[in-house]
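Chemist: Provided below for reference: sequence and predicted model.
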Amino acid sequence: MRIVILTGAGVSAESGLGTFRDVGGVWDQYDLARVATPEGFARDRALVHAFYNERRANMRAARPNAAHHALARLQQARPGAVTLVTQNIDDLHLRAGSPEVIAMHGALDQALCAACGHRWPAPAVMGPDDPCPACGAPETRPDVVWFGEMPYHMERVDRALAGADLFVAIGTSGAVYPAAGFVAEAAAHGAGTLEINLAPSDVADAFDRHHFGPATQTVPAWVA
Ligand SMILES: CC(C)NC(=O)[C@H](Cc1c[nH]c2ccccc12)NC(=O)[C@H](CCCC/N=C(/NCCC(=O)O)S[C@H]1O[C@H](COP(=O)(O)OP(=O)(O)OC[C@H]2O[C@@H](n3cnc4c(N)ncnc43)[C@H](O)[C@@H]2O)[C@@H](O)[C@H]1O)NC(=O)OCc1ccccc1
C-alpha cells in the first residue's frame with residue numbers, strides 16, 4: 001500500500017503554531033500580500049524579515065505533538081511506502097523523527113540568496129542587508145515559497161500522487177493551490193482518499209472518507 005500524506009498548519013496547531021485562516025490566525029494579524037509575496041518583499045524587506053523572524057522564534061520554542069510522532073512512526077514502520085508532503089515551513093515533522101519530508105513551501109530554518117541561489121542554515125534573526133555568504137550580495141530572503149511562486153519538488157509530488165493507493169490530507173483548509181488540487185489528482189489515478197481535519201475543508205467533497213477532530217487524537221488513532 002503506497003500512501004501519500006499532505007499536511008497543513010492544522011497538524012502543528014496543537015504545538016502552539018497558529019494556523020492561517022482560523023479565527024485569530026496568521027492572516028488575521030498580517031496582510032498576506034505584504035508579507036508573503038515577492039512584491040511585498042521588494043516593497044518592505046524589513047517587515048517581511050520581522051514576520052519570519054517571529055515565526056522562526058515560535059517554531060524553535062515549539063515541540064512536535066502526537067500527530068507528528070504518529071506520522072513518523074508510520075513512515076519508520078513502512079520504509080519507502082509513505083511519502084510525507086507538507087505545506088508547513090516549520091521543522092516539527094523532522095524533529096518528530098520523520099525519515100523524509102517533502103517541504104513543498106520551503107523551510108523557515110533555511111536562508112536563500114535571491115541573487116545566486118545559494119542556500120544556508122538561517123540565523124535566528126535575518127535582516128534586509130544580510131550579505132550572502134557565497135556571493136556577498138545583500139539579497140538574503142527566507143527560503144519559503146511565496147504566493148505567485150512555484151512550489152518546490154512538484155515533479156516528485158506529481159510522481160508520488162500518480163503511484164498512490166491512498167491519499168490522506170491532514171490539517172489543511174484546501175484553500176491554496178496547487179496543494180488543494182492533490183486530492184483530485186490522486187483520485188484521478190485511482191487512489192482512495194481520506195481527509196483528517198478539525199472540520200470539513202474547502203475541498204471536503206472531493207474525499208471518499210473523513211475523520212474529524214483534533215490531529216493529536218485523530219492521527220494516532222488512524223495510524224494505530
Ligand atoms: C489564496 C489562494 C486562492 N491562492 C493560491 O492558491 C495561489 C494562486 C493560485 C494558483 N493556482 C490557483 C488556482 C485557483 C486559485 C488560485 C490559484 N497559489 C500560489 O500562488 C502558489 C504558491 C502558494 C504557496 C504560498 N505559500 C504558503 N506558505 C509558505 C509561506 C508561509 O508559510 O508564510 S501557503 C500557506 O497557506 C496554505 C494554507 O494553509 P493551511 O496549511 O491549509 O492552513 P489553514 O489555516 O488555511 O487551515 C488550517 C486547517 O487546519 C484545521 N485545523 C485547525 N486546528 C486543527 C487541529 N488541532 N487538528 C486538525 N486540524 C486542525 C482547520 O480546520 C483548517 O481546515 C498552506 O499552503 C501554507 O503553506 N504558487 C503557484 O500557484 O505557482 C504557480 C504554479 C501553478 C501550477 C503548478 C505549480 C505552480
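Modeler: Sure thing, it's come through.
Chemist: Every contact and neighbour count from this point should use C-alpha atoms.
Modeler: Noted.
Chemist: domains of the protein?
Modeler: Domain ranges of the chain: 1-17+64-105+151-224, 19-61+108-144, per automatic domain parsing.
Chemist: continuing past the helix or strand bottoming out on mean pLDDT in the chain, what's the next helix or strand?
Modeler: Using mean pLDDT, DSSP states H and E, the weakest-scoring helix or strand in the chain turns out to be helix 26-29, at a mean of 87. Tracing the chain C-terminally past helix 26-29 and defining elements by DSSP states H and E, one meets helix 32-35 next.
Chemist: Touching that next one from outside, list them.
Modeler: 39-41, 44, 47-48, 51 (CA atoms under 8 Å, 6 or more residues apart in numbering).
Chemist: which among those residues end up buried?
Modeler: 40-41, 47-48 (16 or more other CA atoms under 10 Å).
Chemist: Tell me the one of these nearest the ligand?
Modeler: Val48 (9.6 Å; CA to the nearest ligand atom).
Chemist: Make sure that closest one is actually in contact with Phe41.
Modeler: Yes: Val48 lies in contact with Phe41 (CA atoms under 8 Å); the separation is 6.0 Å.
Chemist: Output the buried ones among the contacts of helix 32-35 as JSON lines; include the columns pLDDT and secondary structure.
Modeler: Below are the buried ones among the contacts of helix 32-35 laid out as JSON lines (pLDDT from 0 to 100; DSSP: H, G, I helix; E, B strand; the rest coil):
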{"residue": "Gly40", "pLDDT": "98", "secondary structure": "helix"}
{"residue": "Phe41", "pLDDT": "97", "secondary structure": "helix"}
{"residue": "Leu47", "pLDDT": "97", "secondary structure": "helix"}
{"residue": "Val48", "pLDDT": "98", "secondary structure": "helix"}
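Chemist: Check those residues and tell me the two furthest apart.
Modeler: Gly40 and Leu47 (8.8 Å; CA to CA).
Chemist: residue ranges for the strands of this structure, please.
Modeler: Secondary structure of the chain (DSSP state E): strands located at 3-7, 82-86, 102-103, 106-113, 119-121, 140-144, 166-170, 192-197, 209-212.
Chemist: Each with direction, which strands does the shortest one pair with?
Modeler: Looking back up the chat, that one is strand 102-103. strand 82-86 (parallel) (DSSP bridges).
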